[in-house]
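Here is my input, please return the structure:
(chains A and B)
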Amino acid sequence: VAAQMANTKVPEVRDITRIERIGAHSHIRGLGLDDALEARQVSQGMVGQLAPRRAAGVILEMIKDGHIAGRAVLIAGQPGTGKTAIAMGVAQSLGPDTPFTALAGSEIFSLEMSKTEALSQSFRKAMGVRIKEETEIIEGEVVEIQIDRPATGTGTKVGKLTLKTTEMETIYDLGNKMIESLSKEKVQAGDVITIDKATGKISKLGRSFTRARDYDAMGAQTQFVQCPEGELQKRKEVVHTVSLHEIDVINSRTQGFLALFSGDTGEIKPEVREQINAKVCEWREEGKAEIIPGVLFIDEVHMLDMECFSFLNRALESDLAPVLIMATNRGITRIRGTNYQSPHGIPIDLLDRLLIIVTSPYTEKETRQILKIRCQEEDVELSEEAHTVLTRIGMETSLRYAIQLISTAGLVCRKRKGTEVQVEDIKRVYSLFLDEARSSQYMKEYQDSFLFNETQSTSMDTSQ
Amino acid sequence: MAVQSWIDALKSSKKTALIDDGKRKIHYLFTDGKEMAEEYDLKTDELIVRKWRQKSSLGGQGLWQVEVGEPITGSTSSLDSELLKENSSNPLFLRKDTKTSFQWRIRNLCYPKDVFSVSVEQSEKCIIIKTSNKKYYKKFTIPDLERTHIPLEDSALSFSHANNTLIISYKKPKEILNLEQELLKELKRLKGAAEGDMDCKTQ
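Just a heads-up that it's a prediction; the model follows:
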């Protein structure tokens, strides 16, 4: 009967905006510090690493003050000790108004753009400018909202929205995107809303006083506001943050802003950048704009080569440079593009400019705590014993491997119609998937039967 | 005098003229970076279109803002259709001048004449159209008078209603009439360059 029910069920229309994928660091919501910048043991998804987190907190304050341009920080530590998590924590605590650009060291190597151009662009993406601009907004009370779905269930929806002020009334035809955001905001007749005409952003101001006597279930936070007066369309000054890169692109060619959508920005002439810099400084002096230094995070920074490092040296000295955070898991290794060895694969002269934060391996208790947080994030329930076993695996192999086992064990558990992951499920996936150490062991034993086994004498070089 | 400063601005702007499709088209580039484009009928010398364009504060190319003539349609980008646009049944406001008066037409207004009231608001230097049934409301200025700092007069204003269209007229003051005649003379002296397609030098 259940199967039949499932078959006759009308396929649910999935709203794309609601699906959130779970990423490796999606449980991080901040650095987990108290007001005195002291790290709490477990907070905002962060566990342990008290000293590095505190150090990152100090850097964060420096970024928020925004006076000092072009400071650089290096987070160094073994794989799986939370370097990227700390950077993500910084990004989360900065909030949406401070630009945060993240890239991996290998991203800048492209055939279409030179390495330094790619670096310049990411530098400028991480610098924000708060500027006042006049935009057209529509402000009114919703009289009627009507959305027609096509009978087939698919295809474009059409809709009409009637808005009024105390003096006038206008009917608008709605596009697809507007319909989506209107239903996301749950806009209904009687609400007073504003719509930014350029971006389509909707904000609900409250419910109209004329609707106050409607017998309707409403939350305690419902605010009542007056119906707006005068014309529906108004010009209003709004303050928003754009990155220097966006201004570059707008000014680099006639149809500039279209390039932002197509993603094809190409190389930007240095003269354009100089002009923009001068203009922005002028705005700042006139009080028209405010410069917001953001954060540029370069993961796997040892993948950069000598040219990039020397570019960084120079770029950090510009007064329009963001705070640079780099992360690496390498020890003393060759600097890419040279034959010299250096700590972290970074030249000494650049290292000298950096504040270095070191992360250390997690203790057993911390590993247990992290696994618990990940289980919550991935919606998998673990029995007490299974949790202990998984923590052991995490300590003996690696934290990443143990995290991988959470969702796979969860799946195995679901297949046997269990609700809680037991030790057996962990054992099952542990035998199914090899960790790095067992994989190497296996290779040593059976490498003769693999293809190209004669290359064993030359060790693999990954630093070039 | 204020009228003089506008004449000076017009004189100092870079102008390109072009005769095409029975219209005299003139493009002005002012010293502050603003652009103005005008179109005159060749036979009657009436102003058909006047539009303005200005760089946005971030340096991007702005869109043409129509001051006189039919609003630009059809060129709406795909972004617009994704968001929202006014329904075609809504009132349509446009300015269409005659020789002796500024005139505005509002189409798609199917209410009787006594619903409307049009008045000059001295404190805000604008004209306001109101409807007693609260369906339409519009506040607008006369840019020609703003540019020359000529105050608005109640007595110059009149309106009529016919064929679902509200027509509002405002008698042009003497200063404006003189100015327009002078400008037209100047424009006729401008070399009508080539006919048909050509690059606009000031653009």
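
and the closest residue to chain A within chain B, bridged to which residues?
Closest residue of chain B to chain A, C-beta to the nearest C-beta: B:Y137 (3.6 Å). Placement of C-beta: from N, CA and C, glycine included. Residues in a beta bridge with B:Y137, per DSSP bridges, are B:K130.

Any figure for the gap between it and A:G140?
Relative to A:G140, B:Y137 is positioned 11 Å away (C-beta to C-beta, to the nearest Å).

any common contacting residues for those two?
Both B:Y137 and A:G140 are in contact with A:T165, where contact means C-beta atoms under 8 Å, 6 or more residues apart in numbering or on different chains.

of the two, who's got more company?
A:G140 (27 against 19; other C-beta atoms under 10 Å in any protein chain shown).

Name the surrounding residues that touch stretch A:380-389.
The set of residues external to stretch A:380-389 that reach it, using C-beta under 8 Å, 6+ apart, is A:368, A:371-372, A:375, A:390, A:406-407, A:409-410, A:413, A:419-423, A:425-427.

Of the residues you listed, just the buried ones, PyMOL syntax please.
In PyMOL, a selection of the buried entries from the contacts of stretch A:380-389 looks like this (16 or more other C-beta atoms under 10 Å in any protein chain shown):
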select buried, chain A and resi 368+371+372+375+390+406+407+409+410+413+421+422+423+425+426
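
For chain B, what lies in contact range of chain A?
Residues of chain B lying close to chain A (C-beta under 8 Å from any C-beta of the partner chain) are B:56-61, B:80-87, B:89-90, B:130-131, B:134-139.

Just the buried residues of the residues you listed.
B:58-61, B:83-85, B:90, B:130-131, B:135-138.

possible to save those residues as JSON lines with pLDDT?
Converted to JSON lines, those look like this (pLDDT from 0 to 100):
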{"residue": "B:L58", "pLDDT": "74"}
{"residue": "B:G59", "pLDDT": "71"}
{"residue": "B:G60", "pLDDT": "70"}
{"residue": "B:Q61", "pLDDT": "70"}
{"residue": "B:L83", "pLDDT": "76"}
{"residue": "B:L84", "pLDDT": "79"}
{"residue": "B:K85", "pLDDT": "81"}
{"residue": "B:N90", "pLDDT": "86"}
{"residue": "B:K130", "pLDDT": "90"}
{"residue": "B:T131", "pLDDT": "90"}
{"residue": "B:K135", "pLDDT": "89"}
{"residue": "B:Y136", "pLDDT": "91"}
{"residue": "B:Y137", "pLDDT": "91"}
{"residue": "B:K138", "pLDDT": "90"}
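
Out of these, the closest to A:A278 would be?
Taking C-beta to C-beta as the measure, A:A278 sits nearest to B:G59 out of those, at 12.0 Å.

who touches the closest one in this structure?
B:G59 neighbours (C-beta under 8 Å, 6+ apart): A:I247, A:I250, A:N251, A:I276, A:K279.

near chain B too, which of these?
A:I247, A:I250, A:N251, A:I276, A:K279.

Out of the contacts of B:G59, list just those in helices.
A:I247, A:I250, A:N251, A:I276, A:K279 (DSSP state H).

Among the residues you listed, give me the pair with the biggest separation.
A:I250 and A:K279 (11.6 Å).

Now for A:D379, how many residues are close by?
10.

same question, A:A72
A:A72 has 22 neighbours, counted by other C-beta under 10 Å.

Likewise for the one 10 residues further on?
Counted with other C-beta under 10 Å, the neighbours of A:G82 add up to 26.

Kindly provide the whole-number mean pLDDT of whichever strand or helix holds B:K25.
Per DSSP states H and E, B:K25 falls inside strand B:23-29. Strand B:23-29 comes out with an average pLDDT of 88.

Please pull up the helix or strand immediately following the helix or strand bottoming out on mean pLDDT in chain B.
Among the helical and strand segments of chain B, the one scoring lowest on mean pLDDT, DSSP states H and E is helix B:78-82, with a mean of 55. Downstream of helix B:78-82, the first helix or strand assigned by DSSP H and E is strand B:84-86.

Who does that following strand pair with, and is each partner parallel or antiparallel?
Partners of strand B:84-86, by DSSP bridges, with direction: strand A:169-174 (antiparallel).

what about the longest strand along chain A, near chain B?
Ranked by number of residues, the top strand in chain A under DSSP state E is strand A:127-148. Yes. Using C-beta under 8 Å from any C-beta, strand A:127-148 reaches chain B at A:I131, A:K132, A:E133.

What subset of those residues is buried?
A:I131.

out of the residues of strand A:127-148 next to chain B, who's nearest chain B?
Relative to chain B, and with distances defined as C-beta to the nearest C-beta, the nearest of the residues of strand A:127-148 next to chain B is A:E133, at 5.5 Å.

hang on, the earlier thing: wait, doesn't the residue of chain B closest to chain A sit right on A:E167?
Yes. Counting by C-beta atoms under 8 Å, B:Y137 does reach A:E167; the two are 3.6 Å apart.

what is in contact with these two at once?
Counting by C-beta under 8 Å, 6+ apart, the residues touching both B:Y137 and A:E167 are A:G230, A:E231, B:K130, B:T131.

With distance to B:A2 as new columns, can those be given to me in JSON lines?
Conversion of the shared contacts of B:Y137 and A:E167 to JSON lines gives the following (distance: C-beta to C-beta, whole Å):
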{"residue": "A:G230", "distance to B:A2": "28"}
{"residue": "A:E231", "distance to B:A2": "28"}
{"residue": "B:K130", "distance to B:A2": "30"}
{"residue": "B:T131", "distance to B:A2": "34"}
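
Out of these, which is nearest to B:R147?
A:E231 (22.5 Å).

A:F309 - how many residues pack around it?
Neighbours around A:F309, by other C-beta under 10 Å: 21.

hang on, isn't it packed against A:H344?
No. A:F309 is not in contact with A:H344 according to C-beta under 8 Å; the separation is 11.0 Å.

just for the chain, where's the confidence low?
I went with chain A, as the question did not name one. A:1-21, A:66-69, A:153, A:214-221, A:253-265, A:453-464 (pLDDT under 70).

right idea, wrong chain: chain B
Looking at chain B by pLDDT under 70, you get B:1, B:73-82, B:191-203.

any chance you could map the helices in it?
With DSSP H as the criterion, chain B has helices spanning B:2-12, B:78-82, B:143-148, B:174-189.

Return the most buried member of those helices.
helix B:143-148 (a mean of 17; mean count of other C-beta atoms under 10 Å in any protein chain shown).

re earlier: may I have the strand holding B:K25 as CSV, with CA atoms only?
Extracted in CSV, the C-alpha atoms of strand B:23-29 (Å, rounded to 0.1, in the frame of the first residue of the first chain):
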residue,chain,number,x,y,z
LYS,B,23,14.3,65.2,-38.9
ARG,B,24,17.1,67.4,-37.9
LYS,B,25,19.0,65.6,-35.2
ILE,B,26,21.4,67.4,-32.9
HIS,B,27,23.7,65.9,-30.3
TYR,B,28,25.1,68.1,-27.6
LEU,B,29,28.0,67.2,-25.3
